[in-house]
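Peer 1: just a sequence and a predicted model for now, questions to come.
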Amino acid sequence: MSADSAAGAKGMRAVAYIRTAPDQITTVPASTLQRQLLESWCEEHEVRFTEYFEDHCLDDAPLSKRTGLAKALNALAENKCQILLILSQDRVAHDDFDGVVVETIATERYGAQVLTLDGPCDWGDVGEEARIAIARYIETARAIDDAMQNDDNVDDWAHIQTVANLAVPRPNPENSGRVERPSLNAISDMLQARGMVSRKGTAYAPIQVSRMLEKWEAHQLVMKDKEKAHAQSLLAAKA
């Protein structure tokens, strides 16, 4: 990290984000190695290390699947931190679009900067038009997330993601191994078996499971909407 960046970070508070790959095999767990490096950096530059969050996924995993990253971003406000610290920028995103999305959320929503052990992230010159499109994309996604949080009929985002995972079609041994989506009743039973209940403390009814799937599908549409396609085309034009 440059001397100027290190001097500017002195006295700040940091939340760390760690991403490890499923196929990453090391003598010492990769997450432990990353955390040690991040903590050492904080100690060297007199930055207070508050906590860290982790995702175990491939580098092309969509942001919507990175719950650890979402928690790290939220923790910037909760811990009054000025830095989201990562080992290297490929830990956050594998392309410029996702990278700018994360950086925009950190800077504009939480007033924090995204730093690697080598300094600020460099996502290239994506252009003002692309940044505007990305900002609109973030606001649309946040509006859906806010609606989920304010819905008394469902619990949190983690429950919605669990429902989506449980709804993936799979072989049904009771139907000659035919690949099919579990019924709403079956998903409701699986949630109850996992101890997942609504905010009211009751088991999720099939109709609530159906609503959660609708919200997930709406969120996925946002992740693939025209704003993203437009922003990506602008990024490609800049390459």
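Peer 2: On my side now, so go ahead.
Peer 1: so where's this protein uncertain?
Peer 2: The chain contains residues with pLDDT under 70 at 1-7, 23-28, 64, 125-126, 137, 140-156, 219-239.
Peer 1: past the helix or strand residue 43 falls within, which element shows up next along the chain?
Peer 2: Element membership for residue 43 (DSSP states H and E) is helix 30-44. Following helix 30-44 in sequence order, the next helix or strand is strand 48-56 (DSSP H and E).
Peer 1: what are the C-alpha coordinates of that next one, in PDB please?
Peer 2: Extracted C-alpha coordinates of strand 48-56, given in PDB (Å, rounded to 0.1, in the frame of the first residue of the first chain):
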ATOM      1  CA  ARG A  48      -8.700  -1.000  14.400                       C
ATOM      2  CA  PHE A  49      -9.800  -4.400  13.100                       C
ATOM      3  CA  THR A  50     -13.500  -4.800  14.300                       C
ATOM      4  CA  GLU A  51     -14.700  -8.100  12.800                       C
ATOM      5  CA  TYR A  52     -14.700 -10.100   9.600                       C
ATOM      6  CA  PHE A  53     -17.200 -11.900   7.400                       C
ATOM      7  CA  GLU A  54     -16.600 -14.700   5.000                       C
ATOM      8  CA  ASP A  55     -18.100 -16.400   1.900                       C
ATOM      9  CA  HIS A  56     -17.000 -19.800   0.600                       C
END
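Peer 1: adjacent strands (with direction) for that strand?
Peer 2: Strand 48-56 sits in its sheet next to strand 13-20 (parallel), going by DSSP bridges.
Peer 1: what angle do the strand it pairs with and helix 30-44 make?
Peer 2: With axes from the mean of the first three to the mean of the last three C-alpha atoms, to 10 degrees applied, the angle from strand 13-20 to helix 30-44 works out at 160 degrees.
Peer 1: now do strand 13-20: distance to the chain's middle.
Peer 2: 12 Å (C-alpha atoms, centre = their mean, to the nearest Å).
Peer 1: which of the residues in it are classified as buried?
Peer 2: 13-20 (16 or more other C-beta atoms under 10 Å). Backbone N, C-alpha and C define where each C-beta goes, glycine included.
Peer 1: could you do stretch 40-55 as well?
Peer 2: By neighbour count with 16+ other C-beta under 10 Å, stretch 40-55 contains the buried residues 41-42, 45, 47, 49-50, 52-55.
Peer 1: could you pull out the strands for this protein?
Peer 2: Ranges of strands in the chain, per DSSP state E, are 13-20, 48-56, 83-86, 113-116, 119-120, 170-172, 178-180.
Peer 1: contacting residues for residue 81?
Peer 2: 12-15, 50, 75, 112 (C-beta atoms under 8 Å, 6 or more residues apart in numbering).
Peer 1: rerun at 10 Å
Peer 2: Listed by C-beta atoms under 10 Å, 6 or more residues apart in numbering, the contact partners of residue 81 are 12-16, 47-51, 72, 75, 106, 110-112.
Peer 1: can you pull the domain assignment for the chain?
Peer 2: Domain assignment of the chain by automatic domain parsing yields the ranges 3-120, 128-238.
Peer 1: residue contacts, residue 192?
Peer 2: Here residue 192 is in contact with 202-204 (C-beta under 10 Å, 6+ apart).
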